[in-house]
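J.: My questions concern the predicted model and sequence given below.
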2 protein chains.
Amino acid sequence: MNFRIDFEPIGRRVPYRDGASIFEVARDAGVGISSSCGGKGTCGKCRIRVLSGKVSPLTEKEKEKLRPEEIARGYRLACLTKAYEAIKVEIPSESLVVSQRLQLIGKDRKVIVDPIVKACNVTLSPPSMTDIRSDQVRLLDHLAENYRLKHIHIDFPVQRQLPGLLRANELKVKLGLRGKEVVMAGSLGERLLGLAVDIGTTKIAAYLNDLETGEVLVAKGVMNSEITYGEDVMSRITYVMENKNGGEILRQTVTQDLNQLVNKLCGEAGCASDNIVEAVIVGNTAMHHLFLGLPVKQLALAPYVPAVSSSVDIKARDLGLAIAPGAYIHLLPNIAGFVGADHVAVLLATGLYDTEKTVLCLDVGTNTEITLAAHDSLWSCSCASGPAFEGAHIKDGMRATGGAIEKIKITGSLVEFKTINDDSPVGLCGSGVLDAIAQLREAGIIDQMGKMQAYSHVRSDKNGREFILVPKGKSGSGKDITLTEKDISEIQLAKGAIFTGMSILLGEANINWEEIDEVIIAGAFGSYIDVASAIRIGMFPPLPMERFMQVGNAAGVGARLALISKKQRELAGDIARKVNYVELTNYPRYPHMFALSLRFPSAESFGTAPSHDRS
Amino acid sequence: MNFRIDFEPIGRRVPYRDGASIFEVARDAGVGISSSCGGKGTCGKCRIRVLSGKVSPLTEKEKEKLRPEEIARGYRLACLTKAYEAIKVEIPSESLVVSQRLQLIGKDRKVIVDPIVKACNVTLSPPSMTDIRSDQVRLLDHLAENYRLKHIHIDFPVQRQLPGLLRANELKVKLGLRGKEVVMAGSLGERLLGLAVDIGTTKIAAYLNDLETGEVLVAKGVMNSEITYGEDVMSRITYVMENKNGGEILRQTVTQDLNQLVNKLCGEAGCASDNIVEAVIVGNTAMHHLFLGLPVKQLALAPYVPAVSSSVDIKARDLGLAIAPGAYIHLLPNIAGFVGADHVAVLLATGLYDTEKTVLCLDVGTNTEITLAAHDSLWSCSCASGPAFEGAHIKDGMRATGGAIEKIKITGSLVEFKTINDDSPVGLCGSGVLDAIAQLREAGIIDQMGKMQAYSHVRSDKNGREFILVPKGKSGSGKDITLTEKDISEIQLAKGAIFTGMSILLGEANINWEEIDEVIIAGAFGSYIDVASAIRIGMFPPLPMERFMQVGNAAGVGARLALISKKQRELAGDIARKVNYVELTNYPRYPHMFALSLRFPSAESFGTAPSHDRS
């Protein structure tokens, strides 16, 4: 059988391998379909929809995992389905691994694949007693004569390889050429690969790309092990300040994470890490500095200046990253101590730098970076939104993993909810907290100041009131799952910080809320927020829903763009220079505005843009 | 007391430190006076001559170590002499450490000190809430504004240091700037140092220089520990070919030697290795390749091509050399598989590249590199002269250390000799062997073919005849020290190879022996040869003695020139390109010429130039 599987909406056509499941075919081709069981039919995550063509019959397992209406619409589990002829399948957004998500929201940036490292195949003439040029000069002469490439530098690990490689391959080699430098040499069949990484404070997302086609081969995410030295940026900086070699310990920790990721990515793609000839890495300024082994103390002290803000090109070997020894790591520029390379990547991925629209872009996290694009200018700031969105400092808060309530609806005394993986509820993740507050606020159970009213599900103790969302009998933990007044207060601080930041940027640009054409919500957390809830609690402005876009890990996409396109990489530098950084603490009226922003919008103000203070 | 000591002929004036010996003053100022006892008055090597001024009275120890005629001429031991007023002393050539030797033979090349790394002191403006530029951008802006230095790159180890350094030094730093790259940052008082190294197959010579003044602070030599893996180049290449990781083992071995040398040099100079911001390294092609970790197999197989021949700039950290982490190592270019960077350094040091004279330059060793400068051109070749000059393959041969007979005179049955350190004789070093053969040849005891005649000191056994130089009763080893016919044959092969090489170069240039204005003998061994003896055995042409110059470690001097002068470094590249490399084995008549050259010159031909074959 010799036919292909057409994966939509990503537009990949992949040859079918006889007897393989669609999941296996997709995985082998680097099409990322979600799975946590690795293709055993138990997790139910690899849902796809067969659009056309004949496939193997529905299995019993699938009947368990899929709802009847899904089955009726052609849904299958990719790991339990084989193709009988050329088929077309749709990978629904929830089944695509993060790397592909951006392609679904209408923001996919088609770029011409033009990476900084390019392949060049050469065949040299053999040395002889009358032509004793060194291997080095022989190669350089060949490049000059055949490609008009002059003043080329061969990096020394390549110099070490060349004599053996040339003699083992009849003087034929494939070079990885980065501008004037040869950074890799291999046999003709080898691929040139690239690595794009977003080092988040909590998670690291990495993408292995074929540099010649620009394709993502495999994408993977892992936790950032630095987390054991501090949950958030500030606690890690404190760790470094208080521990001799603390910086080096954190540097090695994250480097080890990356090396393990590289191993996994290459294992899955069936290629050698020595073929990764370029890496692009983004992260917030602290993650950027910790990865490079730069001092971070000054990031924690006013005026919070980075050690390094321009883009960095550094040999992978200098940092102990186990990719091609001649490879460079490129780090996108930082804007300020708390607006880092990851936000530059977001601005690159979202095309904010040259939009004609008026756009607000938020990367919501422990620190929320906000950029306003208006009048062909960019203004950026950073708000200390705290870890409440990640479930921290919330009594029954938790990370967005199995059993976390991610959606909630309160109608009278009926509390309906959805947990991640549909496991028994054990707590609330950020989006669940937002939903709960929005629902309670709408029901009038919470007032504008965040105070809880007496109500059937509300009880109180010495710490104040709390609303029982899930009674212990129904919870997976055996304890009541509640939302406390203190939880509400944490969210007020977070949403107030974000709203104040947006307001100040609008003031800088002399823009009204109504003028905003688009609000882009980036970041993992931002993808899970219910925008309506966020509007209801006054975290986002009350604009029509269609103006909001949740784009997922735009930082990772930005890193990939800078990996596969020199032009995009240059644009990142332009963006960093173009941004007007706004230091919120420089605003005399900031405390006043922040205090005001803690309130929830009044019921009658829903749907109208809140006023903001331009002073 | 506040006066100076004037050291001649090197022209250094150094402040006198009350109570110090002249040796101590010299050492502290980096004036290299020989000493193997470290200034205890026991080795007698630190002979100086007081030319003017009052000094402390002669000690008993000096009366032992100095001959009466020396004392009469003002000779003293520097370590036992103190100054009472401003004095002028001469450091005789034999007392100067190797680094200074070249300055004595009329070949000292006065160069303008213009190293590739230059100091630049900066004072930055402090960051503030309204000026949050990163430390990096703040420095780059300052360099652009104050020095018109644009597109500067700050190497990452410097980036790591800068934030702490700036804040600890009130924003004042001293930079080491290498072209467009900042390779070092330190406090204002720190020195910029440079390292020049000649990695010989047997010995490593290293020189620590002040890059701002160009002065040599300390010079040191150690054995090359690679020797435990093979005495000569070929046996080391064989080791690498036969042992997995053999190349890496040798690389690490020599790197460790260098790191220990750096430690010693810095210890004596009282400075930090982190202040060494540039190193220039030379060596023969094999030593060059082994140091860089380049493959060497192809050096041992026809057509003997180097992996790398152009000059190399490589970060010290890439090779594990423990100097400033941002420092570069520069390796001069190689000419061919057996004419390496060390010979380029010799050509640089001797100024051969732009002489108007006709000059032969030989670096005598296991491989003897020969260059002929004539008609504004350069021809070079390499002869496999073997290890006989180093005492190997000679029955009672030994290295030039204590107890080795270095000079010998045979008058009738009287054998007079001089050993190194005047120790009891235990063997012959290379110069002693040459002397012995020349004397025996002159006495008619050896014929033109190297055959020994019956004579009072000659005895024979089944291996042939041998001449008893020192009977066992007088030798330090308790055994007869003899010269065998086989020893003579080894020297015939060596001198024949050298003579044939010279002849072929002369043929290439269409030059007669009489036209040669100068013969420069470089290398440690070349310094100890008795030129008259070498002429007598037909190793050197019978030119007037004043045309010969023994210049010591010219390779080390060349390395130093390339260290302290950008122009000299460029010249080294020009030299390598200018040289016409002559591969002797390409000569059909080479075997014939070589066979003829094995003969010793006939008595009547002494003093006339031997004919050579131009075919």
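T.: Okay, I see it. Numbering: from 1, shown residues only, chains lettered A, B, ... in the order given.
J.: which residues does A:Phe389 contact?
T.: Applying C-beta atoms under 8 Å, 6 or more residues apart in numbering or on different chains, one finds that A:Phe389 lies in contact with A:364-366, A:430, A:433-434, A:494, A:525. Where C-beta positions appear, they are placed from N, C-alpha and C, glycine not excepted.
J.: and chain B, which of those residues contact it?
T.: Among the contacts of A:Phe389, proximity to chain B is found for none (C-beta under 8 Å from any C-beta of the partner chain).
J.: right, and the helix or strand after the lowest-mean-pLDDT helix or strand in chain A?
T.: Of all helical and strand segments in chain A, the minimum by mean pLDDT, DSSP states H and E falls on helix A:98-101, at a mean of 33. Note on helix A:98-101: by DSSP states H and E, the next helix or strand toward the C-terminus is strand A:117-123.
J.: of the contacts of A:Phe389, closest to B:Leu193?
T.: Out of the contacts of A:Phe389, the one with the shortest distance to B:Leu193 is A:Thr366. That distance is 46.0 Å, counting by C-beta to C-beta.
J.: what's the pLDDT at that closest one?
T.: For A:Thr366, the pLDDT comes out at 82.
J.: Same question for A:Gly32.
T.: A:Gly32 is assigned a pLDDT of 64 by the prediction.
J.: what do you get for A:Asp613?
T.: At A:Asp613 the predicted local confidence, pLDDT, stands at 45.
J.: repeat for A:Gly607
T.: A:Gly607 is assigned a predicted lDDT (pLDDT) of 51.
J.: go on, the one 3 residues further on?
T.: A:Pro610 is assigned a pLDDT of 52 by the prediction.
J.: who in the stretch 51-200 of chain A is up against chain B?
T.: If contacts are counted using C-beta under 8 Å from any C-beta, the residues of the stretch 51-200 of chain A sitting beside chain B are A:127-138, A:140, A:156, A:159-160, A:162-164, A:167.
J.: taking these one by one, which sit in helices?
T.: Taking DSSP state H as the definition of helices, those contribute A:135-138, A:140, A:156, A:159-160, A:162-164, A:167.
J.: Which members of the residues you listed are classed as buried?
T.: Buried members of these, counted by 16 or more other C-beta atoms under 10 Å in any protein chain shown: A:135-138, A:140, A:156, A:159-160, A:162-163, A:167.
J.: nearest to A:Val582, of the residues you listed?
T.: Using C-beta to C-beta, A:Phe156 comes nearest to A:Val582 of these, at 45.0 Å.
J.: and the closest one, what is it in contact with?
T.: Listed by C-beta under 8 Å, 6+ apart, the contact set of A:Phe156 reads A:326, B:292-293, B:312, B:314, B:318.
J.: about what we covered before: let's have the buried ones among the ones in helices among the residues of the stretch 51-200 of chain A next to chain B in JSON lines, adding pLDDT.
T.: Listed next are these as JSON lines, based on pLDDT from 0 to 100:
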{"residue": "A:Asp135", "pLDDT": "96"}
{"residue": "A:Gln136", "pLDDT": "96"}
{"residue": "A:Val137", "pLDDT": "96"}
{"residue": "A:Arg138", "pLDDT": "96"}
{"residue": "A:Leu140", "pLDDT": "96"}
{"residue": "A:Phe156", "pLDDT": "96"}
{"residue": "A:Gln159", "pLDDT": "96"}
{"residue": "A:Arg160", "pLDDT": "96"}
{"residue": "A:Leu162", "pLDDT": "96"}
{"residue": "A:Pro163", "pLDDT": "96"}
{"residue": "A:Arg167", "pLDDT": "95"}
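J.: and which of those is nearest B:Leu208?
T.: Within the set of these, A:Phe156 lies nearest B:Leu208; the separation is 24.7 Å, counting by C-beta to C-beta.
J.: how much space between that closest one and B:Gly573?
T.: Separation of A:Phe156 from B:Gly573 (C-beta to C-beta, to the nearest Å) stands at 18 Å.
J.: What parts of the stretch 251-400 of chain A come near chain B?
T.: Proximity of the stretch 251-400 of chain A to chain B (C-beta under 8 Å from any C-beta) is limited to residues A:292-295, A:297-298, A:302-310, A:312, A:314, A:317-318, A:334, A:336-337.
J.: hmm, which of those residues are the buried ones?
T.: Using 16+ other C-beta under 10 Å as the burial test, those include A:292-295, A:297-298, A:303-310, A:312, A:314, A:317-318, A:334, A:336-337 as buried.
J.: pLDDT (mean, whole number) over the helix or strand hosting A:Arg459?
T.: With elements delineated by DSSP H and E, A:Arg459 resides in strand A:458-461, which encompasses its position. With pLDDT averaged residue by residue, strand A:458-461 scores 90.
J.: Next, the buried residues of that strand.
T.: Within strand A:458-461, the residues that qualify as buried are A:Val458, counting by 16+ other C-beta under 10 Å.
J.: and after it, which helix or strand comes next?
T.: Next helix or strand after strand A:458-461 toward the C-terminus (DSSP H and E): strand A:464-470.
J.: Give the buried residues for that following strand.
T.: Neighbour-count burial for strand A:464-470 flags A:465-470 (criterion: 16+ other C-beta under 10 Å).
J.: Out of the contacts of A:Phe156, which is nearest to B:Pro591?
T.: Checking these against B:Pro591 with C-beta to C-beta, the nearest one is B:Leu292 at 34.5 Å.
J.: my guess is the closest one meets B:Asp313, correct?
T.: No. In this structure, B:Leu292 sits apart from B:Asp313 without contact. The criterion is C-beta atoms under 8 Å, and the distance is 11.6 Å.
J.: Tell me the one of the contacts of A:Phe156 nearest A:Gly402?
T.: Nearest to A:Gly402, judged by C-beta to C-beta, of the contacts of A:Phe156 is A:Gly326 at 42.7 Å.
J.: For the stretch 301-450 of chain A, just list every one of the strands.
T.: Counting by DSSP state E, counting those that start in this stretch, the stretch 301-450 of chain A has these strands, from start to end: A:312-315, A:328-331, A:359-363, A:367-374, A:377-384, A:404-411, A:414-419, A:427-428.
J.: Nearest to chain B: which residue in the stretch 1-150 of chain A?
T.: Among all residues of the stretch 1-150 of chain A, A:Ser134 sits closest to chain B, at 3.6 Å; criterion: C-beta to the nearest C-beta.
J.: and that residue, how many neighbours?
T.: With neighbours defined by other C-beta atoms under 10 Å in any protein chain shown, the count for A:Ser134 comes to 26.
J.: With A:Val339 instead?
T.: Quick note: A:Val339 (other C-beta under 10 Å) scores 27 neighbours.
J.: Provide a list of residues in contact with it.
T.: Counting by C-beta under 8 Å, 6+ apart, A:Val339 touches A:285, A:369, A:380-382, A:579, A:581.
J.: Kindly report the same for A:Leu143.
T.: Under the criterion of C-beta under 8 Å, 6+ apart, the neighbours of A:Leu143 are A:120, A:122, A:149, A:152.
J.: Need the max-distance pair from the residues you listed.
T.: A:Val122 and A:Ile152 (11.4 Å).
J.: that's a helix at A:Ala494, yeah?
T.: Yes. Residue assignment for A:Ala494, taken from DSSP: H, G, I helix; E, B strand; the rest coil, places it within a helix.
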